[in-house]
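S.K.: sequence first, predicted coordinates after that:
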Amino acid sequence: MQQAITLFSLNTIIKECLDKQLSPTYWVIAEIGEIREAVRGHAYLDLVEKTDGEIRAKMRGNIWAYSYQAIKRKFQGTTGQPLKSGMNILALVNVQFHELYGISLVIKDIDPNFTLGERARRRQEIIERLQSEGLLELNRQFVLPAVSQKIAVISSVTAAGYGDFINQLDQNPYGYKVHYQLYQAAMQGKSAAAEIIDAIQQIEETGPGFDLIVLIRGGGAQTDLDCFDDYDLAKAIANAALPIVTGIGHERDESIADLVAHTQLKTPTAVASFILSGFREFEDNLQHRLIRIERWVQSRIKQESEGIMDQTHLLKNLFQGKINEKILFLDRISQQSMGSARHKIEKDAIKVNNNGKYLHKAALSCINKAADKLNQLEKTLERLNPEYLLSRGYTKTEKDGMPIHSQKLQAGDELVTFSQKRKITSIIKKLEQNEEKRR
């Protein structure tokens, strides 16, 4: 049986072997799984290597305070951001084994250019994947509305770029009214891509009929825009149900989100100008069309006026010919009518003259007959006159002023008898019945 040794002795042997067999330093490629800054200025890291998302190697790393300050300044100055979890780094390390704390890596230096190059490599892989999946041009299938009046804005309310964007829309010199609604999302950091994807989903599910989506933020360090190189975010933009316009960096920046968006603009103010230019272009087109319509109408009116004048002259000549024709016809009819009327008058005049003579003769005959009849009636009336009867010796007897033949008489009645020259009063003493009456 081999002689047993203590754990400390074993760790000492391991340490001596490592010191003898290992080079003083190694350049190691690893991902920062976690990084913590200590109170005294040291930095403690968990370095990992992954394959298909699975960790296949892991080791602790330390950066002592003096080295950490220099490494941190150089890295942030080059990349524009601090060391943080998820970064791939190329580190100059010294393998250290401590009897109490075990094996670890002491980081002497970090090459920031490798991190930038690694970022570019991952970015190219994502672009190639999007290209193979047919997503790079997918959002460009939409036709932008001529005038975008309802806009969904994805940004951070505290972002300076958002304020510039809103100010340019609200204070535009043309007085155009743009309705916008902010969907809050982080514009950098680990949660930014997920929050932007969630904002796109909210807009599509509950948005009140937007014309387009605007994704904006101000500029920043190159690495601050890493969230816009996220594959899932790029896929969400490509598959969005509305056209997406981006304005998320300075002139020198171009993210994968820009590549898959419908329209890429450099800054939020450029996006605002783009939206307002749609209004302006629409208004200019309307004005040009109004001018063209006005000119066409004027030309048409002139053309129709000339045609109407020609038609007027034609109709005037046509109707004048018809009128002259009808005047000649009426003159002939008038002359014929006058001749017929004159003949009729002459004929009727003869007839009237003959009728006059006949009527005169008939009237004289009627007058003579009437005169004879009147003479006969006069003689008859004269014979019926009481004076005529009295002159012939007849008398008239009355009782109480009434003829006696219409009254009932009796003895003692007073009668008055009239002759031509006398009035005789008598009293009835006796009444006898006329024999002819009795028979």
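M.R.: Sure, I can see it. All values derive from a computational prediction rather than experimental measurement.

S.K.: and the chain, split by domain according to the record?
M.R.: Following automatic domain parsing, one finds the domains of the chain at 7-123, 145-280, 382-428.

S.K.: tabulate those domains (JSON lines), appending mean neighbour count.
M.R.: Where you see a C-beta, it was placed from the backbone N, CA and C, and this is true even at glycine. Formatted as JSON lines, the entries for those read as follows, by neighbours: other C-beta atoms under 10 Å:
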{"stretch": "domain 7-123", "mean neighbour count": "15"}
{"stretch": "domain 145-280", "mean neighbour count": "19"}
{"stretch": "domain 382-428", "mean neighbour count": "11"}
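
S.K.: these: which one's closest to Glu306?
M.R.: Closest to Glu306 of these is domain 145-280 (C-beta to C-beta; 37.7 Å).

S.K.: distance between stretch 351-371 and the chain's centre?
M.R.: In terms of C-alpha atoms, centre = their mean, to the nearest Å, the centre of stretch 351-371 is set 96 Å apart from its chain centre.

S.K.: ranges for the strands of this protein?
M.R.: Along the chain, the stretches classed as strands by DSSP state E are 26-37, 43-51, 54-63, 88-98, 102-111, 150-155, 179-184, 212-216, 244-247, 263-265, 396-399, 402-403, 414-418, 423-427.

S.K.: okay, helices next: where are they in this protein?
M.R.: 7-21, 65-79, 112-132, 160-170, 192-206, 231-238, 256-260, 268-384, 386-391, 435-438 (DSSP state H).

S.K.: just to revisit the earlier point, mind telling me which of the domains of the chain the model trusts least?
M.R.: Confidence, taken as mean pLDDT, is least for domain 382-428 of the domains of the chain (a mean of 81).

S.K.: circling back to that earlier point, can you redo the domains of the chain as TSV with distance to Met338?
M.R.: Rendered in TSV, the data for the domains of the chain read as follows (distance: least, C-beta to C-beta, whole Å):
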stretch	distance to Met338
domain 7-123	113
domain 145-280	79
domain 382-428	62
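
S.K.: of all those, which one is nearest Arg289?
M.R.: If you check each of those against Arg289 by C-beta to C-beta, domain 145-280 wins as the nearest, at 12.4 Å.

S.K.: what's the end-to-end length of that closest one?
M.R.: Distance across domain 145-280, first residue to last, is 13 Å (C-alpha to C-alpha, to the nearest Å).

S.K.: Thr12 contacts Glu99, doesn't it?
M.R.: Yes: A contact is recorded between Thr12 and Glu99 when judged using C-beta atoms under 8 Å, the distance being 6.3 Å.

S.K.: which residues do those two both contact?
M.R.: Jointly contacting Thr12 and Glu99 under the rule C-beta atoms under 8 Å, 6 or more residues apart in numbering is no residue at all.

S.K.: circling back to that earlier point, any chance of the strands of the chain in JSON lines, plus distance to Leu290?
M.R.: Formatted as JSON lines, those follow (distance: least, C-beta to C-beta, whole Å):
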{"stretch": "strand 26-37", "distance to Leu290": "63"}
{"stretch": "strand 43-51", "distance to Leu290": "64"}
{"stretch": "strand 54-63", "distance to Leu290": "67"}
{"stretch": "strand 88-98", "distance to Leu290": "61"}
{"stretch": "strand 102-111", "distance to Leu290": "65"}
{"stretch": "strand 150-155", "distance to Leu290": "26"}
{"stretch": "strand 179-184", "distance to Leu290": "26"}
{"stretch": "strand 212-216", "distance to Leu290": "27"}
{"stretch": "strand 244-247", "distance to Leu290": "29"}
{"stretch": "strand 263-265", "distance to Leu290": "28"}
{"stretch": "strand 396-399", "distance to Leu290": "120"}
{"stretch": "strand 402-403", "distance to Leu290": "116"}
{"stretch": "strand 414-418", "distance to Leu290": "123"}
{"stretch": "strand 423-427", "distance to Leu290": "126"}
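
S.K.: list the contacts of Leu315.
M.R.: By C-beta under 8 Å, 6+ apart, the contact set of Leu315 is empty.

S.K.: hmm, I typed the wrong one, I wanted Ile424.
M.R.: Under the criterion of C-beta under 8 Å, 6+ apart, the neighbours of Ile424 are 395, 416-418.

S.K.: then Ile256?
M.R.: Under the criterion of C-beta under 8 Å, 6+ apart, the contact list for Ile256 reads 123, 126-127, 130, 228-231, 233-234.

S.K.: could you rerun that using 10 Å?
M.R.: Remark: with contacts taken as C-beta atoms under 10 Å, 6 or more residues apart in numbering, Ile256 is in contact with 123-124, 126-127, 130, 136, 225, 228-231, 233-234, 237.

S.K.: reformat those as JSON lines; add distance to Leu409.
M.R.: Written out in JSON lines, the entries for those read as follows (distance: C-beta to C-beta, whole Å):
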{"residue": "Arg123", "distance to Leu409": "165"}
{"residue": "Gln124", "distance to Leu409": "167"}
{"residue": "Ile126", "distance to Leu409": "162"}
{"residue": "Ile127", "distance to Leu409": "162"}
{"residue": "Leu130", "distance to Leu409": "157"}
{"residue": "Leu136", "distance to Leu409": "155"}
{"residue": "Leu225", "distance to Leu409": "160"}
{"residue": "Phe228", "distance to Leu409": "157"}
{"residue": "Asp229", "distance to Leu409": "161"}
{"residue": "Asp230", "distance to Leu409": "158"}
{"residue": "Tyr231", "distance to Leu409": "159"}
{"residue": "Leu233", "distance to Leu409": "154"}
{"residue": "Ala234", "distance to Leu409": "155"}
{"residue": "Ile237", "distance to Leu409": "150"}
